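[1] Any chance you could fold what I've pasted below:
(one chain, ligands or ions: 1)
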Amino acid sequence: MIDVLNEIHQEVSPLLGQGKVAEYIPALANVDPMQFGMAITLNDGQYYGVGSYQTPFSIQSISKVFSYTLALRAYQNGLYKRVWREPSGNPFNSLVQLEYEAGIPRNPFINAGAIVVCDSLVSHFSTNEKAFNEILAFIHQCSGDKSIAVDEVVSTSEMEHGYRNIALASLMKSFGNFDNDVIEVLQTYFKHCSIVMNAQQLSRSMLYLANDGTDPITKQQLINSTQAKRINSLMLTCGHYDASGDFAFRVGLPGKSGVGGGIVAVVPGKMAIAVYSPALNESGNSLVGTKALELFTTKTGLSIF
Ligand code: GLN
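    Modelled structure (predicted):
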């Protein structure tokens, strides 16, 4: 496995420098675009890594996998009254579709959907602080690492520049699809986007999705197998926003990206993979990270198809 990773590292190196880091907040705009790291954790706990696989970065929208998992656990199918499970075909922060579709977001992985998921968690856990603490505790549980924390500078900066997300939440509130205070819910949303992890921790934390909802190392059941199937399906169809079709076409694995430059992918029954390379393509997904995952499934045949 390490040979494959080394080969990929070598092959993607000439591509570093293409794409652009996220620029909407200074903390992300100042990240070195030339970094690349990739980590794999197998279901038996063995792991492999190359490059910057232990460099911490902002997980951003990858956090939506964890919040969606908790909301699914809390509300089961009742969740889909408030957020659908269809690809949006639109950018992650788009407002237009939400207006046409009466405040019901297409899926839990676009911003509007993840904000509604956070609203549902604030209701379920009674305050925004408790909701955030539950998300973080869940990440500690599935990564087996209690040192994982939030970058407060990123989270404050997200709030200061968060007009579009405030607009999305306010629009949903105007349609009656929002129970709590807009700013309070966004605090939970921005904080969970601002959690910092490295590729190794991220790959470890996704193993429950590679093992029907049960952490293969601790043997704890985090969700049931049907729920794990649902989350993987949505990662495949919606995990990369309007580039989800392209990611499925090229990589053939359930995956979730974040504008911090991370992508996680799940090989059901076998392993989870995380890549980090901060320069993004036009859809806001790691350009080199996507290429690295494409090379991985091409070289190993480990796609779901
Ligand atoms: N914090 C970012 C936002 O809300 C997350 C977006 C992303 O990673 N695609 O805009």
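
[2] Run through who's touching stretch 115-135.
    63-64, 66-68, 70-71, 74-75, 79, 82-83, 105, 108, 165, 168-169, 172, 177-180, 184-189, 191-192 (C-beta atoms under 8 Å, 6 or more residues apart in numbering). Where C-beta positions appear, they are placed from N, C-alpha and C, glycine not excepted.

[3] What's the PyMOL line that selects buried ones from these?
    Here is the PyMOL command that picks out the buried ones among these, judged by 16 or more other C-beta atoms under 10 Å:
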select buried, resi 63+64+66+67+68+70+71+74+75+79+82+83+105+108+165+168+169+172+177+178+180+184+185+186+187+188+189+191+192
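
[4] So which of the contacts of stretch 115-135 would count as near the ligand as well?
    Asn165 (C-beta under 6 Å from any ligand atom).

[5] Check what pLDDT the spatially most central residue of the chain gets.
    Residue closest to the average C-alpha location in the chain (C-alpha atoms, centre = their mean): Ile62, at 1.4 Å. pLDDT recorded at Ile62 is 98.

[6] which one is it nearest to, not counting chain neighbours?
    Gly258 (4.3 Å; C-beta to C-beta, 6 or more residues apart in numbering).

[7] Out of the contacts of stretch 115-135, which sit inside strands?
    Among these, no residue falls in strands (DSSP state E).

[8] Can you list which of the contacts of stretch 115-135 are found in helices?
    63-64, 66-68, 70-71, 74-75, 165, 168-169, 172, 184-189, 191-192 (DSSP state H).

[9] Enumerate every residue touching Leu209.
    Val65, Ala228, Ile231, Asn232, Met235, Pro254, Val266, Pro268, Ala272.

[10] for those, which one is nearest Met159?
    Val65 (22.0 Å; C-beta to C-beta).

[11] For the closest one, give its distance to the ligand.
    12 Å (C-beta to the nearest ligand atom, to the nearest Å).

[12] my guess is that residue meets Val266, correct?
    No: using C-beta atoms under 8 Å, Val65 makes no contact with Val266, being 9.5 Å away.

[13] before we move on, the earlier item: quick one: which two of the contacts of Leu209 are the most distant?
    Of all pairs in the contacts of Leu209, the most separated under C-beta to C-beta is Val65 and Pro268 at 14.6 Å.

[14] Give me the more crowded residue out of the two.
    Val65 (29 against 17; other C-beta atoms under 10 Å).

[15] still on that earlier bit, out of the contacts of Leu209, which are inside strands?
    Short answer: those in strands (DSSP E) are Val266, Ala272.

[16] so can I have JSON lines of the contacts of Leu209 showing pLDDT?
    What follows is the contacts of Leu209, written out as JSON lines (pLDDT from 0 to 100):
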{"residue": "Val65", "pLDDT": "98"}
{"residue": "Ala228", "pLDDT": "98"}
{"residue": "Ile231", "pLDDT": "98"}
{"residue": "Asn232", "pLDDT": "98"}
{"residue": "Met235", "pLDDT": "98"}
{"residue": "Pro254", "pLDDT": "98"}
{"residue": "Val266", "pLDDT": "98"}
{"residue": "Pro268", "pLDDT": "98"}
{"residue": "Ala272", "pLDDT": "98"}
